[in-house]
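In: Kindly generate the corresponding structure for this input.
(chains A and B)
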Amino acid sequence: AQSVTQLDSQVPVFEEAPVELRCNYSSSVSVYLFWYVQYPNQGLQLLLKYLSGSTLVKGINGFEAEFNKSQTSFHLRKPSVHISDTAEYFCAVSVAYSSASKIIFGSGTRLSIRP
Amino acid sequence: NAGVMQNPRHLVRRRGQEARLRCSPMKGHSHVYWYRQLPEEGLKFMVYLQKENIIDESGMPKERFSAEFPKEGPSILRIQQVVRGDSAAYFCASSPPDRGMYEQYFGPGTRLTVT
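Out: Next up, the predicted model:
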């Protein structure tokens, strides 16, 4: 079975500082990988996804993530954060080439930006 | 192209009442997924439906919960005899056929409060 571990439940960062949100996954088969953002009392918005190809994936709002198969990681990074990046971030996986189609989410990382 | 629509956005029910949550997928999407987010947790898969068919209900509680996606109209998630533990945000996602494993679009959610 697949699982996702987000190593940090909360990450406080100063504005304009870089940030890395860590994500590790467990799977015996090929997976697709995602990062979603959830602003307070709102739904989920897709930041970026890895399906295949280049291991460095660029997303919206200046975020990027790197797929590392040997370390089974998919960490999210941004070189300089803004107050508006304050939100909950979810790493997720789904099984590639499967009709199952369910997405499995991590428990989330709350990013708080200090001025 | 309107996104995934969910209503109501907020729903308050007393213990023992029924809750009905509705989800209208994006135009052209025939696959619907329901997820539940308990307070301070990530999203958990509940059920995957196509028109008039339940494909995967492995995440649905065995009792009181049911889901349908009729030929016409929205998908409905029904919770009978609600209890306080049902208080959560319920998210619906939709996808085009055969792309659900990497392309799901989420609605804004219905926040259910059981008093």
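
In: pLDDT below threshold where in the chain?
Out: All of this refers to chain A. Scanning chain A for pLDDT under 70 picks out A:96-100.

In: Actually, chain B is the one I wanted.
Out: Those would be B:1, if you go by pLDDT under 70 across chain B.

In: Which one of the residues in it is closest to chain A?
Out: B:G100 (3.4 Å; CB to the nearest CB). To be clear about C-beta, it is placed using only N, CA and C from the backbone, and glycine gets the same treatment.

In: Isn't that residue up against B:H31?
Out: Yes - B:G100 lies in contact with B:H31 (CB atoms under 8 Å); the separation is 5.2 Å.

In: Now do the shared contacts for these two.
Out: A:S101, B:Y48 (CB atoms under 8 Å, 6 or more residues apart in numbering or on different chains).

In: Contact distance from chain B - what residues of chain A qualify?
Out: Applying CB under 8 Å from any CB of the partner chain, we find that chain A lies next to chain B at A:32, A:36, A:41-46, A:49, A:51, A:90, A:94-108.

In: Apply 10 Å and report the result again.
Out: A:4, A:6, A:9, A:31-34, A:36, A:38, A:41-46, A:49-52, A:88, A:90-108, A:110 (CB under 10 Å from any CB of the partner chain).

In: Which ones among the residues you listed map onto strands?
Out: Using DSSP state E, the members of the residues of chain A next to chain B that fall in strands are A:4, A:6, A:31-34, A:36, A:38, A:44-46, A:49-50, A:88, A:90-95, A:104-105, A:110.

In: which of the residues you listed count as buried?
Out: A:4, A:6, A:31-34, A:36, A:38, A:44, A:46, A:49-50, A:88, A:90-95, A:104-105, A:110 (16 or more other CB atoms under 10 Å in any protein chain shown).

In: In chain B, which residue is most central in space?
Out: B:W34 (3.6 Å; CA atoms, centre = their mean).

In: which residues sit in contact with the closest residue to A:I60 other than its chain neighbours?
Out: Leaving aside its chain neighbours, A:I60 sits nearest to A:L47 (5.9 Å; criterion: CB to CB, 6 or more residues apart in numbering or on different chains). Going by CB atoms under 10 Å, 6 or more residues apart in numbering or on different chains, A:L47 touches A:34-37, A:57-65, A:76, A:78, A:87, A:89-91.

In: And for B:V12, the neighbour number?
Out: 13 (other CB atoms under 10 Å in any protein chain shown).

In: Confirm for me that it is in contact with B:D86.
Out: No - if you go by CB atoms under 10 Å, B:V12 and B:D86 don't touch, sitting 11.9 Å apart.
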